[in-house]
Every structure is written in structure tokens, then in C-alpha cells.
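Enquirer: Got a predicted structure plus its sequence, pasted below:
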Amino acid sequence: MPHALFTHIRPHGGDPHDVLVTDGRIAAIDPATRPGDCAVVDGGGALALPSPVDAHIHPDKSAWGRPWLSRKPA
């Protein structure tokens, strides 16, 4: 399903709004119209947060396309 409307969501920590999500991305806050094939989810005043991202890398391994390097303990 490409569309989901989350009602009563606090996207910025303020007053609750409706948030339309299309293909996994926020498409509109308080949308003027609702798509016909839209699933509706009551958010109950929950806070909307971005998904967690694991942003660490290991450049000593193979992230730069070079062979694996061993590191000696300090």
C-alpha cells in the first residue's frame, strides 16, 4: 500500500497533526485531500521521529576498496 495517513501525530513535538506518508516518505503534514487507497492509523498523540540510522563505518576494513588491514592493539 503506497499511502498511509497517521492522525494525531506530533511531528515537531508541538500540537498533533495528520501526517500523510507515501512510499515510506512524509508527503504532507495536514494534507488537504486524502488519497483513495489510503490506510488510516490513529497515532494517539505520539511523537514522530526519524528512523534510526547506524552511521558508523570501519575504514580499516574494505570500505575504500582496499584489502583488509590488521590493526595492532595499542
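Expert: Great, that's in hand. Numbering: from 1, shown residues only.

Enquirer: burial count for Leu20?
Expert: Residues within reach of Leu20, counting by other Cβ atoms under 10 Å, total 20. C-beta coordinates here come from the backbone N, C-alpha and C atoms, glycine included.

Enquirer: I'd like the secondary structure assignment at it, please.
Expert: When classified by DSSP: H, G, I helix; E, B strand; the rest coil, Leu20 comes out as strand.

Enquirer: ok, now how distant is it from Gly14?
Expert: 18 Å (Cβ to Cβ, to the nearest Å).

Enquirer: How about Asp42?
Expert: Distance from Asp42 to Gly14, by Cβ to Cβ: 18 Å.

Enquirer: So between those two, which is more surrounded?
Expert: Asp42 (11 against 7).

Enquirer: Can you tell me the SS state at the residue nearest to that one when sequence neighbours are not counted?
Expert: Of all residues not flanking Asp42 in the chain, Thr7 sits nearest, at 5.4 Å (Cβ to Cβ, 6 or more residues apart in numbering). At Thr7 the chain is in strand, as set by three-state DSSP.

Enquirer: Next, the contact list for Thr7, please.
Expert: 16, 18, 40-43 (Cβ atoms under 8 Å, 6 or more residues apart in numbering).

Enquirer: and the closest residue to Val21 other than its chain neighbours, how many neighbours?
Expert: Nearest residue to Val21, sequence neighbours excluded (Cβ to Cβ, 6+ apart): Ala4, at 4.7 Å. By other Cβ under 10 Å, the residues close to Ala4 number 17.

Enquirer: who are the neighbours in contact with Ala4?
Expert: 20-21, 38-41.

Enquirer: Just the pLDDT for it.
Expert: Looking at Ala4, its pLDDT is 93.

Enquirer: Pull the number of nearby residues for Phe6.
Expert: Applying other Cβ under 10 Å, we find 21 residues neighbouring Phe6.

Enquirer: ok, now Arg10?
Expert: Counted with other Cβ under 10 Å, Arg10 comes out at 16.

Enquirer: Look up phi and psi at the closest residue to it other than its chain neighbours.
Expert: What sits nearest to Arg10 in space, not counting adjacent residues and going by Cβ to Cβ, 6+ apart, is Leu47, at 4.9 Å. When read as degrees, to the nearest 10, the backbone of Leu47 gives phi -90, psi 130.
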